[in-house]
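Colleague: need a 3D model of the following:
(one chain, ligands or ions: 1)
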Amino acid sequence: MSSLRVYPASGPLIGKVPVPSDKSIGHRALLFAAIAEGASHITAFSHGEDNVSTANALRAMGVIIEEPSPTELRVHGVGLFGLNAPACPLDCGNSGTTMRLLAGLLSPQRFRSTLVGDHSLSRRPMLRVARPLRQRGAVIDGKPHPTKTDEITAPLSIGPLPDGTFLGPLEYDSPVASAQIKSALLLSGLYAHGATYLREPTVSRDHTERLLHALGVPIRTVGSIVELDPAGWPGKLAPLHFAIPGDLSAAAFLLVAAQVVAGSRVSLSTVGVNPTRTGILEILRDMGAGVSVEHRGQSGGEPVAELHAWSEPLRALAIGGELVARAIDEIPIVCALAARASGTTRITDAQELRVKESDRIATMTEVLRAFGVRCDEHPDGLTIEGTDAPLEPVDVESKGDHRIAMTSAVLALVARGPSVIRDADTITTSYPKFVGTLRALGVRVDVEV
Ligand code: S3P
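Modeller: Alright, predicted model coming up:
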């Protein structure tokens, strides 16, 4: 496992850099292309390990995925009923999205499958997808969770759905706003006899709905309610041809780096700005950050933009409610922003962070304190006291969490000496070129094996 040694920025970060393709959209593009009829062509794909886990799981079920160039995929769809029984457990690696979306796709299949994951994924809650899938007739079970009663985790065992039986209709009120739950239910709903009707507390990212709509599937949304009724739908998905937008969740690390290092100016091209994901842009603006958005049309039904960021004095903010759902993956890097803002930032309604790749509330509290930032941990968030003094150099663990590793690297830019971030390989799950990009912006980072 490698570590990063990140040196304090010796000058402003200046440059225009690309960001990796959107991880959420990448999973969905692969899954829908796999069950489409014919060959799909997906471009601007950047091989984050989470997306590679989805691709490999599909390959293990007989889907041919070619890579004509380093950023292109040609996926030979097998149709809705063309997946083969995998010969061994499907390894979802670190990717919760792979596991939960596959649970939806595999529940209606006539074969048995097992989903496994790494140490972090094997502690994440899976009842949230198993329960509603069972409610519509799926055969799905997991291992009892090591610490939580009435909870299951990976390995998940799914199917086979007995011959002569079908998944039924589903009306479900989700207790959490979760695109993974929603997408698992919509995927299973493509095969169900009856409609899927789902209500969320607030709207979660809607990439699945956009793609299904573009592929001609009868899907309707009203606020945070979504309905898919396959009655009358011929049961065929057309192949996809599109360029995956850049990942705003990855861009966020650079947008914040440009704020915390005085004098910086950074531009990012072709970044997805789907409104269900743009909470981070609103938070940046409300904290006084220098950020502008130049809209550049659409790709695959998703709005894209060029983003520009420059450092401005930051002020503290109260962050809660639906804004947290629209910035859920960005809360760790928002903590870094808060650490450099004047005043005390309070983050609430973020209890979902406790069941991400790490317990991000606990891990960020530890990381911030290591850097010398004053903060308090709460059941549903944190309180962070900003400072403009140089931070303490740290030696921290990522806890197997890519977003914790990258947030630590950004904070290290304003420490008064080099910092070490251990278990940094995890960054490749979402941002394989993160270190190279920091270097392109003038940062000194050494990779130590
Ligand atoms: C994702 C949904 C979110 C997010 C995750 C990716 C997706 O998880 O945190 O990184 O691609 O559907 P939840 O569905 O658990 O909110």
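Colleague: and residue 399, what is it in contact with?
Modeller: 120, 357-358, 363, 423 (CB atoms under 8 Å, 6 or more residues apart in numbering). From N, CA and C alone the C-beta is placed, and that goes for glycine too.
Colleague: can you give me the end-to-end span of stretch 194-211?
Modeller: Length of stretch 194-211, first residue to last, CA to CA, to the nearest Å: 21 Å.
Colleague: just say helix, strand or coil for residue 28.
Modeller: With DSSP: H, G, I helix; E, B strand; the rest coil as the basis, the three-state label of residue 28 is helix.
Colleague: then the one 3 residues further on?
Modeller: When the structure is reduced to helix, strand and coil (three-state DSSP), residue 31 reads as helix.
Colleague: please report how far it lies from the ligand.
Modeller: Distance, residue 31 to the ligand, using CB to the nearest ligand atom, to the nearest Å: 11 Å.
Colleague: name the element residue 393 belongs to?
Modeller: In this assignment (DSSP states H and E), residue 393 forms part of neither any helix nor any strand.
Colleague: wait, doesn't it sit right on residue 414?
Modeller: No - assessed by CB atoms under 8 Å, residue 393 is found out of contact with residue 414, at 10.5 Å.
Colleague: so which of the contacts of residue 399 belong to helices?
Modeller: residue 363 (DSSP state H).
Colleague: next, format the contacts of residue 399 as TSV and append pLDDT, distance to residue 330 and neighbour count.
Modeller: Supplementary listing: the contacts of residue 399 in TSV, determined by pLDDT from 0 to 100; distance: CB to CB, whole Å; neighbours: other CB atoms under 10 Å:
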residue	pLDDT	distance to residue 330	neighbour count
120	95	19	19
357	97	14	26
358	97	15	24
363	98	15	26
423	96	21	18
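Colleague: now, which of the contacts of residue 399 sits nearest the ligand?
Modeller: Nearest to the ligand among the contacts of residue 399 is residue 357, at 8.3 Å by CB to the nearest ligand atom.
Colleague: ok, the nearest residue to residue 151 once chain neighbours are set aside - contacts?
Modeller: Distances taken as CB to CB, 6 or more residues apart in numbering place residue 145 nearest to residue 151, at 3.8 Å, with adjacent residues excluded. By CB under 8 Å, 6+ apart, the contact list for residue 145 reads 123, 125, 151-153.
Colleague: how deep is residue 296 tucked in, by neighbour count?
Modeller: A count of nearby residues for residue 296, using other CB atoms under 10 Å, gives 15.
Colleague: let's verify it: helix, strand, or coil?
Modeller: strand.
Colleague: surely it is in contact with residue 268?
Modeller: No - look at residue 296 against residue 268 with CB under 8 Å: they stay out of range, at 11.5 Å.
Colleague: now do the shared contacts for the two.
Modeller: residue 306.
Colleague: so the residue of the chain most remote from its centre versus the ligand, what's the distance?
Modeller: Computed with CA atoms, centre = their mean, the residue of the chain farthest from its C-alpha average is residue 164, at 36.5 Å. Distance of residue 164 to the ligand, computed by CB to the nearest ligand atom: 33 Å.
Colleague: could you check the pLDDT of that residue?
Modeller: pLDDT recorded at residue 164 is 94.
Colleague: can you tell me how far residue 133 is from residue 5?
Modeller: Using CB to CB, to the nearest Å, residue 133 is found at 45 Å from residue 5.
Colleague: so these two - more neighbours on which side?
Modeller: For residue 133 and residue 5, the more surrounded residue by other CB under 10 Å is residue 133, and the numbers stand at 27 against 17.
Colleague: and this structure, which residues reach the ligand?
Modeller: 24, 27, 97, 178-180, 183, 204-205, 328-329 (CB under 6 Å from any ligand atom).
Colleague: try 8 Å this time
Modeller: 23-24, 27-28, 96-97, 100-101, 128, 176-183, 204-205, 207-208, 249, 325, 328-329, 352, 355-356 (CB under 8 Å from any ligand atom).
Colleague: just the buried subset of these, written out for PyMOL, thanks.
Modeller: Per 16 or more other CB atoms under 10 Å, the buried members of the residues of the chain next to the ligand correspond to this PyMOL selection:
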select buried, resi 23+24+27+28+96+97+100+101+128+176+177+178+179+180+181+182+183+204+205+207+208+249+325+328+329+352+355+356
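Colleague: which of the residues of the chain next to the ligand fall in helices?
Modeller: Reading helices off those with DSSP H, I get 23-24, 27-28, 96-97, 100-101, 128, 179-183, 207-208, 249, 325.
Colleague: buried ones in stretch 371-389?
Modeller: 371-373, 375, 381-387.
Colleague: looking at these, which is nearest residue 409?
Modeller: residue 371 (11.7 Å; CB to CB).
Colleague: pLDDT at that closest one, what is it?
Modeller: Confidence for residue 371, expressed as pLDDT, is 98.
Colleague: roughly how far does it sit from the ligand?
Modeller: 24 Å.
Colleague: in space, what's closest to that residue - neighbours in sequence excluded?
Modeller: residue 391 (4.2 Å).
Colleague: neighbours around that neighbour, how many?
Modeller: Residue 391, neighbours per other CB under 10 Å, totals 24.
Colleague: wait, residue 384 sits on residue 339?
Modeller: Yes - using CB under 8 Å, residue 384 is in contact with residue 339, at 5.9 Å.
Colleague: now the common contact residues for these two.
Modeller: In contact with both residue 384 and residue 339: 368, 373, 375, using CB under 8 Å, 6+ apart.
Colleague: now do the contacts for the last one.
Modeller: Under the criterion of CB under 8 Å, 6+ apart, the neighbours of residue 375 are 335, 339, 364-365, 368-369, 382-385.
Colleague: columns secondary structure on top of these, output as JSON lines?
Modeller: Shown next, in JSON lines, are these (three-state DSSP):
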{"residue": "335", "secondary structure": "helix"}
{"residue": "339", "secondary structure": "helix"}
{"residue": "364", "secondary structure": "helix"}
{"residue": "365", "secondary structure": "helix"}
{"residue": "368", "secondary structure": "helix"}
{"residue": "369", "secondary structure": "helix"}
{"residue": "382", "secondary structure": "strand"}
{"residue": "383", "secondary structure": "strand"}
{"residue": "384", "secondary structure": "strand"}
{"residue": "385", "secondary structure": "strand"}
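Colleague: show me which pair in those is furthest apart.
Modeller: Longest span within the contacts of residue 375, CB to CB: 364 and 385, 13.8 Å.
Colleague: how much space separates the residue farthest from the centre of the chain from residue 361?
Modeller: 47 Å.
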